[in-house]
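>>> Predicted model follows, preceded by the sequence.
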Amino acid sequence: MRATRTTLTLLAATLALAGCGGADDGGDDAADGAAEAGGTLSIEAGDLYFDPEEVSASAGTVEFELNNVGAVEHDFVIEEAGDENVVHTEAGETATGSIDLEAGTYTYYCSVPGHRSAMEGTLTVS
């Protein structure tokens, strides 16, 4: 019983740390959460996380690429745009979508039941 509890505790800690993200690898602006006009924001959706959780873009048409590395479906919904579902992906797939946005701060989230509390971020449009 004690060995099982210890194993489960270690597994939970490993999963929690895995969702914390990693160091900046010096990649391009889109990978770092910023897109210039006409650029694409790349966001990774995993099992109950978005990476990055803060992104920025120029006003106008903003394109998103959602890379679902998780085991279940995920989507990318923008609350202040009438809860518009911009992108939907099945497990292991990548999809793109776009939306016209004015300057402002937006909340994005995954609308799959039970996901929003862990999968929410901020989009700043300037």
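Thanks, I have the structure now.
>>> if I look at E93, how far off is E73?
Applying CB to CB, to the nearest Å, the value for E93 to E73 is 9 Å. All C-beta atoms are positioned from the backbone trio N, CA, C, and that covers glycine.
>>> E79 and Y109 touch, don't they?
Yes - E79 lies in contact with Y109 (CB atoms under 8 Å); the separation is 6.7 Å.
>>> wait, doesn't G39 sit right on G60?
No - under the criterion of CB under 8 Å, G39 makes no contact with G60, lying 10.7 Å away.
>>> Can you name the residues that contact the nearest residue to E90 once chain neighbours are set aside?
In this structure, E90 finds its nearest non-sequential neighbour in E73, 5.2 Å apart by CB to CB, 6 or more residues apart in numbering. By CB atoms under 8 Å, 6 or more residues apart in numbering, the contact list for E73 reads H88, T89, E90, A91, V112.
>>> For those, which single residue is the most surrounded?
Neighbour count (other CB atoms under 10 Å) singles out T89 as the most crowded of the contacts of E73, with 21 neighbours.
>>> what pairs with it across the strands?
Beta-bridge pairing of T89 under DSSP bridges involves H74.
>>> List the contacts of it.
Residues in contact with T89 (CB under 8 Å, 6+ apart) are A45, L66, N67, N68, E73, H74, D75, A95.
>>> buried subset of the residues you listed?
Burial by neighbour count, 16 or more other CB atoms under 10 Å: within those this picks out A45, L66, N67, N68, H74, D75, A95.
>>> farthest-separated two in these?
N67 and D75 (12.9 Å; CB to CB).
>>> Would you state the helices of the chain in chain order?
Counting by DSSP state H, the segments of the chain that form helices are 2-18.
>>> just for it, where's the confidence low?
Regions of the chain meeting the criterion pLDDT under 70 cover residues 1-38.
>>> Neighbours of T61, how many?
Neighbourhood size, T61 [other CB under 10 Å]: 12.
>>> That'll do, ta.
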